[in-house]
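> Got a predicted model here, sequence first, then my questions.
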Amino acid sequence: MDIINQYISQYIWTVPVALALIAVYQILYLIWLAKAPTRKETPRPTSPIMPSIGAPMRESLAPVPQQVQRPAPMMDAGRTVAAAPALAAQNFARPTESVGKLIVMGGLKDRSEIALPSENFSVGRFYNPGNNILIAMDEKSVSRKHANFICDERIREYYLVDTHSSFGTFIMLNGFFEQLPPNKQERIYNEDIVRFGNAVTVRLVLPCETRAAMTRL
């Protein structure tokens, strides 16, 4: 027992020394923490907030650039005016001098002559380019599609075909009008006189021989 007491009395002084050292260590650690540089936290990237379906767009969104439509370049006035007849010539077959014309002798008011619009066309009461009716003769006895005009420009031969008209197509031969049979090609000549229906009478002006000249051959 004495030995234990002697041992305790010999080393008891080390306890407060150890506690003091621990306290000093803690103080030094706190001072180090206070002076140590703090780490800056980098912000985490946040995902973009997607607008919900049907929700209006926020005003802060950048506006979508709109494509500016440039006006079409102005065409030259002279070229524009010249293009209209060219288009009409393509779609409606404007008359050419080589085909010929009809000299109106009766049945059509306020018309003295009619230029032939193309090499192959139809004659009728009303103008209808969809049915190739390019010469209109607004007279009661003229059928809607009265006759066909056929041309072979290579050999300069011209033909007229009655298309089952109601009042017939006639050619003057030896001073009298003779009716053409329907759907049969009848050759016609320069200076021939033709009647469509009961009233419309025309004289043909064609770039070919006259009937009299052909008869003399």
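Here it is on my side, so go on.

> use CA for all of it now, contacts and neighbours both
Will do.

> Please save the CA atoms from stretch 162-171 in CSV.
Extracted in CSV, the C-alpha atoms of stretch 162-171 (Å, rounded to 0.1, in the frame of the first residue of the first chain):
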residue,chain,number,x,y,z
ASP,A,162,-68.4,21.3,-141.1
THR,A,163,-68.9,19.7,-137.6
HIS,A,164,-72.6,18.8,-137.9
SER,A,165,-73.7,22.4,-137.6
SER,A,166,-77.4,23.1,-137.3
PHE,A,167,-77.7,25.4,-140.3
GLY,A,168,-74.7,24.2,-142.3
THR,A,169,-71.6,25.6,-143.9
PHE,A,170,-71.6,26.7,-147.6
ILE,A,171,-69.1,27.5,-150.3
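
> Distance of residue 12 relative to residue 18?
11 Å (C-alpha to C-alpha, to the nearest Å).

> Next: residue 99.
The gap separating residue 99 from residue 18 is 134 Å, by C-alpha to C-alpha.

> what's stretch 120-127 in contact with?
For stretch 120-127, contacts defined as C-alpha atoms under 8 Å, 6 or more residues apart in numbering pick out 131-140, 142-151.

> gap between the two ends of that stretch?
Distance across stretch 120-127, first residue to last, is 15 Å (C-alpha to C-alpha).

> How about stretch 168-188?
Using C-alpha to C-alpha, the two ends of stretch 168-188 sit 16 Å apart.

> What about residue 187, how many residues nearby?
Look at residue 187: counted by other C-alpha atoms under 10 Å, it has 13 neighbours.

> Could you find the closest non-adjacent residue to it?
Closest residue to residue 187 in three dimensions, ignoring its sequence neighbours and counting by C-alpha to C-alpha, 6 or more residues apart in numbering: residue 159, at 4.3 Å.

> give me every residue that touches that neighbour.
If a contact means C-alpha under 8 Å, 6+ apart, then residue 159 has 149, 150, 151, 185, 186, 187, 188 as its contacts.
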